[in-house]
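**Student:** 3D model of this:
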Amino acid sequence: MVQIGKYNTLRVVKSLDFGVYLDGGEKGEILLPARYVPENCHVGDEITVFIYFDSEDRIIATSERPYAQVGEFAWLRVKSTNRFGAFLDWGLMKDLLVPFREQKVDMQQDSFYIVYIYFDHESGRIAASAKLNKFLNNLPISYEFNQEVDLLVVQETEIGYKVIINNAHWGMIYHNEIYCQVEKGDRIKGYIKYIREDEKIDVALQPAGYEKIDTLSSAILRYLRENDGYLPLSDKSSSEQIADYFSCSKKNFKKAIGLLYKQRTIQILENGIRLIV
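**Tutor:** Predicted coordinates:
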């Protein structure tokens with residue numbers, strides 16, 4: 001069954017000068033305009049396309065990739081506004097509407113907002129909403145400690161950054177555990193740190209325990225190999241200097257180089273580290 005607002009793999013059933021038609025099942029044949037048809041495409045081939053509505057609200061296919069699809073959150077720019085709402089640039093020819101009823105504040109042209117993309121069954125159209133809470137924390141929490149997850153940075157607070165975890169739940173990264181630049185709209189990897197009794201979720205930007213140290217040790221080795229075997233850091237370097245290089249705490253850096261030293265991989269100098277060949 002064709003899913004509107006998502007990627008679909010469909011079979012080519014007809015080829016014409018202006019494009020090819022794809023088998024849309026109960027949706028009928030769906031046009032993929034000629035400018036999006038891949039080279040050497042023939043009837044019977046299966047191709048992956050994004051399905052949405054054109055400017056006349058007809059179902060159409062494209063090989064263009066939107067910044068997000070239905071069921072996902074995204075950080076998008078307002079291209080224009082009118083009496084119907086705000087229109088967002090989401091990477092396709094037709095802009096994405098945020099109706100006034102789905103805006104938390106009046107959206108302004110050229111400003112960016114975090115929105116959720118959904119299929120509006122009432123209007124039969126794809127739309128977006130800035131009222132995030134109604135689309136989050138609706139699924140049971142089934143994460144495990146140290147599980148890798150996808151994060152979208154939403155808002156900075158006094159204690160850290162609110163993030164969206166796997167397009168499903170709110171989470172929090174604390175300021176004192178961030179060793180790299182983080183900004184609203186960033187998509188980054190994170191790790192489940194703690195699930196509270198009230199089901200609020202703490203996340204970290206690095207895995208816990210030995211896995212984190214092994215990852216950091218690998219990064220240090222990679223730097224050494226790419227920079228003539230020398231790193232101008234040591235266990236006496238400041239936390240700020242270490243964070244600039246590896247986005248980690250000084251404590252974890254010392255553990256990582258300690259591991260490499262025990263493996264006889266590096267030599268720790270007064271003001272730096274030398275790779276032992």
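**Student:** and residue 143, how many neighbours does it have?
**Tutor:** A total of 18 residues lie near residue 143 under the criterion other C-beta atoms under 10 Å. Backbone N, C-alpha and C define where each C-beta goes, glycine included.
**Student:** Kindly report the same for residue 179.
**Tutor:** 20.
**Student:** How about the secondary structure of it?
**Tutor:** Under DSSP: H, G, I helix; E, B strand; the rest coil, the three-state class of residue 179 is coil.
**Student:** Tell me which residues touch the residue most central in space within the chain, please.
**Tutor:** By C-alpha atoms, centre = their mean, the chain has its centre lying nearest to residue 187, at 3.7 Å. By C-beta atoms under 8 Å, 6 or more residues apart in numbering, residue 187 lies in contact with 150, 151, 152, 153.
**Student:** can you put those residues in JSON lines and add pLDDT, secondary structure and neighbour count?
**Tutor:** Converted to JSON lines, these look like this (pLDDT from 0 to 100; DSSP: H, G, I helix; E, B strand; the rest coil; neighbours: other C-beta atoms under 10 Å):
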{"residue": "150", "pLDDT": "97", "secondary structure": "strand", "neighbour count": "15"}
{"residue": "151", "pLDDT": "97", "secondary structure": "strand", "neighbour count": "21"}
{"residue": "152", "pLDDT": "97", "secondary structure": "strand", "neighbour count": "22"}
{"residue": "153", "pLDDT": "97", "secondary structure": "strand", "neighbour count": "20"}
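**Student:** in the sheet, who's paired with the residue nearest to the centre of the chain?
**Tutor:** In this entry, residue 187 is beta-bridged to residue 152, by DSSP bridges.
**Student:** Model confidence for it, exactly?
**Tutor:** Looking at residue 187, its pLDDT is 95.
**Student:** Please tell me how far it sits from residue 154.
**Tutor:** In this structure, residue 187 and residue 154 are 11 Å apart, going by C-beta to C-beta, to the nearest Å.
**Student:** correct me, but residue 100 touches residue 127?
**Tutor:** No - here residue 100 does not reach residue 127: they are 11.4 Å apart, not a contact under C-beta atoms under 8 Å.
**Student:** More neighbours: these two, which one.
**Tutor:** For residue 100 versus residue 127, neighbours defined as other C-beta under 10 Å are more numerous around residue 127 (21 against 12).
**Student:** Now do the contacts for the more buried one.
**Tutor:** By C-beta under 8 Å, 6+ apart, the contact set of residue 127 is 96, 97, 98, 99, 102, 117, 118, 119, 120.
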